[in-house]
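In: Structure for the following, please:
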Amino acid sequence: MYDFSAIVGANDPIVNPPSHTERCLADPNSPPIFVNPGEVSVAASAPGQCKFGDLTQNTFYNFTFQSGFCHTFHARSETIGNSITDTCSTDAWTAASADSHFSVSGASPSNVTVSTNGIITTYGAPQLVVYNSRMQFINRMTASSVAPDGTSATFPFPTTSTGASLPNEFYLFAIQNNIANNDHRIIDGTYYSVGANTTLTTPFGIDAFDIQTWTRVCIVDESGKPHCSTSPKTTIPTPILTLYDANQVSYKGQTIAVGTQPIAIKAYAVTTGSVFDPNEEVTTFTSAPSRAIVLNFGSNTASILDLNNSSTVKTINVGTQPVAVTLKSDGTRAYVANYGSGTVAEIDLTTQTSGRTISVGSNPQSLTMDPAGNAVWVAGQSYIKKIDLTTFTVTATQSVAGTVTSVATSNQQNTLVYSLVNDGAFFATSGGSQSGQSSSTYTVQELHLGDLTNGVSYGASLAVPYSTYTMNGTLPNSTLAPGATQVSAQWANGMAASATPTGFVIYDVVNHVELMRGTTATPVRGIASDPNNWVVYLTTPDSNSYITVPLPHF
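Out: Residues are numbered from 1 along each chain as shown. Now for the predicted structure:
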């Protein structure tokens, strides 16, 4: 539990939050007065405290105290000199629910229903107060209906103050009750992500990273001594994608020709380059990956790319139908799962040559590094196996009931998360003859590596929608989605995302709860997130698009 209190003092209302990312908000649309609306600053005299701007009148003010860490809101109208105390008892992500928590900008639903407890209408309909991820007030919507027992309210889907659609961003929704005349309380909070849909020809494999840029200016004084100043770094989340039908890679608006049916990609070898402008005497620095490895499913090869020059520098033969790749943390080795030949192959990225190969079983579809960095886990039809990288032998095997379509590692949780499709059984007609196969089931599972026991499952659904999507008949398995599970680098590796037959699910592997579900027109084949986890990227090649899902970054 996290407690915080606010003291409304003369000319200096202060909130004392715990040492997380809390903000104090003033609601500019609540009468009667707020002098300096908007986000507040941290009080220099009190580290960890934040305060509103000076208040110049001894009258009523409306204050909203909001915790970005625990997603709980509190609002009161108070007179200067009064005290406000509130308790935040809701951890991150476990607050009120709001439909699926996700839609695409420009295609949002007409309404959103928010579920919680204690909604009342005695003093008027509740309102939905909307903030962006920077805690800036966006708009408020009045409920169109409220459940008789006060457990949910339906609102027109929020827009900006001008009536335009909410732009691509992560939002906080606060449910506000009118609890008396001229007084209100925000009883709960939830979140909503508005994504963007980008058109691209059959994007399939995807990786993401942060490109950082900064500048340095040096001026020489009269004595010949240089004086330099460096700007803060600007971080830009950036995806790199394979274009399955076009036999290309797309990166920063450029395309690079690779082998046939490129299906997976990983970038590596981060380098820093600089450009000097003699007219302005400014040097601009850029830090980004300089290499990428691409698996070409149709030509049984791996391509090594030079990202700085947008070219392929090496083509390496691997096994039949390579589908998934993972890298050692130092970028010296890559490991490739070959679906058709049932093998895992090693590639030396320094010499750009193929190395050892091991047979692992039928149709390996995905693989990931072990948390210790000295093994890889490969998964496929009815199995998950551990390969020791010193001996290049299988040292552990876990049987599963179905086909593992994607797998990823949560290092800090010492857990594998993986998506599993379990083929349905044959069913009989009324006459007793065998007539067909029922819908397959889909779940996301956890495997605790300390004792190889299973944990909580997420995203349970039917897999039958996969059956109509096989990339024009080129995939041997309609559920093939080797890179469709991703574990966050942030939040103690506690957040993960996986593809489902009809979209995606984002879940918390620490508290074991689902955070968000989203629906897509066709199956998601690849998932990636930048290291800061500001966004998740999803590829939907059958729809010729990829989707950007904003995540919270307070």
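In: rest of the way, CA atoms for contacts and neighbours
Out: Will do.
In: Run through the residues that contact the closest residue to Asp388 other than its chain neighbours.
Out: Excluding its sequence neighbours, the residue lying closest to Asp388 (Cα to Cα, 6 or more residues apart in numbering) is Ala375, at 4.5 Å. Contact partners of Ala375, counting by Cα atoms under 8 Å, 6 or more residues apart in numbering, are 369, 386-389.
In: need the helices for this structure, in chain order.
Out: Read by DSSP state H, the chain holds no helices at all.
In: Can you find the helix or strand of it with the lowest average pLDDT?
Out: Taking mean pLDDT, DSSP states H and E as the measure, the chain has strand 2-7 as its least confident helix or strand, at a mean of 28.
In: Neighbours of the closest residue to Trp534 other than its chain neighbours, how many?
Out: In space, Trp534 comes closest to Leu551 once its chain neighbours are excluded; the distance is 5.1 Å by Cα to Cα, 6+ apart. If you count neighbours by other Cα atoms under 10 Å, Leu551 ends up with 21.
In: measure Leu551 to Pro237 for me?
Out: Here the criterion is Cα to Cα, to the nearest Å. By it, Leu551 lies 12 Å from Pro237.
In: which residues are common contacts for the two?
Out: Residues touching both Leu551 and Pro237 by Cα under 8 Å, 6+ apart: 534-535.
In: all strands of the stretch 151-300 of the chain, in order?
Out: Using DSSP state E, counting those that start in this stretch, the strands of the stretch 151-300 of the chain run over residues 152-156, 169-180, 183-199, 203-220, 226-230, 234-243, 248-251, 254-257, 262-277, 282-296.
In: looking at it, Thr315 is touching Leu305, isn't it?
Out: No - contact criterion Cα atoms under 8 Å: Thr315 and Leu305 do not qualify, at 9.2 Å.
In: When the two are compared, which one has more neighbours?
Out: Neighbour tally, Thr315 and Leu305, criterion other Cα under 10 Å: the higher count belongs to Leu305, 23 against 19.
In: tell me the contacts of the more buried one?
Out: Contacts of Leu305 by Cα under 8 Å, 6+ apart are 291-294, 311-314.
In: Show me the shaky parts of this protein.
Out: Applying pLDDT under 70 to the chain picks out residues 1-96, 135, 181-185, 423-438, 553-554.
In: repeat that with 50
Out: Within the chain, the stretches with pLDDT under 50 are 1-94, 425-437, 554.
In: Show me it divided up by domain.
Out: 2-196, 200-550 (automatic domain parsing).
In: Give the buried residues for stretch 529-540.
Out: 529-530, 532-540 (16 or more other Cα atoms under 10 Å).
In: Give me the contacts around stretch 466-479.
Out: Surrounding stretch 466-479, the residues in contact under the criterion Cα under 8 Å, 6+ apart are 405, 421, 501, 522-523, 541-542.
In: Quick one: end-to-end distance for it.
Out: Start-to-end span of stretch 466-479 (Cα to Cα) is 6 Å.
In: contacting residues for Val417?
Out: 407-410, 444-447, 485, 496.
In: wait, isn't His274 in contact with Arg216?
Out: To be clear, residue 274 is Ser; His isn't right here. No - using Cα under 8 Å as the test, Ser274 is too far from Arg216 to be in contact (10.0 Å).
In: What count of nearby residues applies to Asn317?
Out: 15.
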